[in-house]
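**Q** After the sequence you'll find the predicted model.
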Amino acid sequence: MASGIFAILDDIAALMDDVAVTAKVATRKTAGILGDDLAVNAEKATGFLSSREIPVLWAITKGSFINKLIIVPIALLLNTFFPIAIKIALILGGFYLAYEGAEKIIEYFFHRPKGDTLIVEKKEEESSEVEKAKIRSAITTDFILSVEIVIIALGTVLDRSLTIQILTVSVVALLATVGVYGIVALIVRMDDTGYRLIKYSNEKGFLSVLGRLLVKSLPIVIKSLSVIGTVALILVSGGIFVHNIDYIHHLFPSLPAIIKEFVVGLIAGVLVVAIVTAVKKIYHLFL
């Protein structure tokens, strides 16, 4: 009896060792997309009133966990029974990301409101309805990025047993959510941390200087994240097209990958924006 229990424990320990190794490899493979995921979601989770930042971030995080719960089992099933569906889902998601990125760029250059307004200001657009819309947009974007993370992680363990596939992909998915949104939480609370340091140090010494630096850095960080997040949307979408559409993959082979992915993502985004705008105009004509 005792030997049987120890044998089971030994099997579990061996399985966990295998999962630790495969999860490390999978995490390394997904590092690039995780960086993009961080930039995109940090940009989407900022710009709210200070009192709403953590509740909004928690709502997005819960949505991200639900996304992973949906994606992981479906990805495993589709990979077994209908693998082409994964590629189709990725490409459709790529068009959505390209649309979001291109729309931001077009809005910045052609529909920018007059006068400079800081993102951290209290604005009308931070109403309950707009907040919910931003959360939905962030969760939708997270869903598409999560699909790519799960697919890349799954691709690293295709030659392993189903148990290791399930555990590895689940670990990577969990780490992606906890890691990304944990870092985002630290970013959005930079100013509060700075104010506490200033208060604690009585506005004297190194802690006071550090606190002021954190407070002054937050608007710059948020604006930087807005730019980085938009570029990341274009790059991720372009990467999806380049790696999943053979014609595009073999097009201009001498062009650096990052430039190729950005150009492809931007072109796709502009096309989708044009189509969506045309459809909206036609729709309003018949109303």
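**A** Nice, thanks for sending it over. Numbering: from 1, shown residues only.

**Q** alpha carbons only for contacts and neighbour counts from here, please
**A** Fine.

**Q** so where does Gly182 fall, helix or strand?
**A** Using DSSP states H and E, Gly182 sits within helix 162-188.

**Q** Pull the distance from that helix to the chain's centre.
**A** Chain-centre distance of helix 162-188: 11 Å, with Cα atoms, centre = their mean, to the nearest Å.

**Q** I'd like the next helix or strand past it.
**A** Following helix 162-188 in sequence, per DSSP H and E, is helix 190-200.

**Q** tell me which residues of that next one are tucked away?
**A** Counting neighbours by 16 or more other Cα atoms under 10 Å, one finds that the buried residues in helix 190-200 are 190-191, 193-195, 197-198.

**Q** The helix or strand following it to helix 162-188, inter-axis angle?
**A** Using DSSP H and E, the helix or strand that follows helix 190-200 in sequence is helix 205-244. Angle between the axes of helix 205-244 and helix 162-188 is 140 degrees (criterion: axes from the mean of the first three to the mean of the last three Cα atoms, to 10 degrees).

**Q** In this structure Tyr99 contacts Val273, no?
**A** Yes. Taking Cα atoms under 8 Å as the definition, Tyr99 is a contact partner of Val273 at 5.9 Å.

**Q** For those two, indicate the residue with more neighbours.
**A** Set side by side, Tyr99 and Val273 show more neighbours around Tyr99, with 26 against 21, by other Cα atoms under 10 Å.

**Q** give me phi/psi at the more buried one?
**A** phi -60, psi -50 (degrees, to the nearest 10).

**Q** Which of the three states applies to the residue nearest to it when sequence neighbours are not counted?
**A** Excluding the flanking residues, the one nearest Tyr99 by Cα to Cα, 6 or more residues apart in numbering is Gly269, at 4.2 Å. Following DSSP: H, G, I helix; E, B strand; the rest coil, we place Gly269 in the helix state.

**Q** What degree of burial does Gly269 show, as a neighbour count?
**A** Neighbour number of Gly269 under other Cα under 10 Å is 27.

**Q** Next one: it from Ala102, what distance?
**A** 5 Å (Cα to Cα, to the nearest Å).

**Q** got any residues that touch both of the two?
**A** Ile234 (Cα atoms under 8 Å, 6 or more residues apart in numbering).

**Q** Now for the residue lying closest to Asp191 once chain neighbours are set aside: which residues touch it?
**A** Leaving aside its chain neighbours, Asp191 sits nearest to Val215 (4.4 Å; criterion: Cα to Cα, 6+ apart). Counting by Cα under 8 Å, 6+ apart, Val215 makes contact with 190-192, 194-195.

**Q** so is the closest residue to Asn244 other than its chain neighbours in a helix, a strand, or just coil?
**A** For Asn244, ignoring the flanking residues on the chain, the nearest one in space by Cα to Cα, 6+ apart is Lys87 at 6.7 Å. The three-state label for Lys87, taken from three-state DSSP, comes out as helix.

**Q** Just give the number of residues close to Lys87.
**A** Quick note: Lys87 (other Cα under 10 Å) scores 17 neighbours.

**Q** again with Lys104
**A** For Lys104, the neighbour count with other Cα under 10 Å is 16.

**Q** element containing it?
**A** Judged by DSSP H and E, Lys104 forms part of helix 84-110.

**Q** pLDDT below threshold where in the stretch 101-250 of the chain?
**A** Across the stretch 101-250 of the chain, the ranges flagged by pLDDT under 70 are 111-127.

**Q** mind redoing it with 50?
**A** Counting by pLDDT under 50, the stretch 101-250 of the chain has low-confidence residues at 116-126.

**Q** Not counting stretch 258-274 itself, show me its contacts.
**A** Outside stretch 258-274, the residues that touch it by Cα under 8 Å, 6+ apart are 95-103, 231, 234-239, 241-242.

**Q** Regarding Arg160, what is its secondary structure?
**A** coil.

**Q** let me fix that: Ala153
**A** helix.

**Q** So what's the residue count around Leu34?
**A** 22.

**Q** How about it: what's its closest non-neighbour residue?
**A** Ala176 (6.8 Å).

**Q** number of nearby residues for the one you found?
**A** 26.

**Q** Relative to Leu207, how far out is it?
**A** Distance, Ala176 to Leu207, using Cα to Cα: 32 Å.

**Q** Check Ala85 too.
**A** In this view, Ala85 and Leu207 are 54 Å apart by Cα to Cα.

**Q** Neighbour count for the two, which is higher?
**A** Just comparing Ala85 and Leu207: by other Cα under 10 Å the higher neighbour count belongs to Leu207, 18 against 13.

**Q** All set now, cheers.
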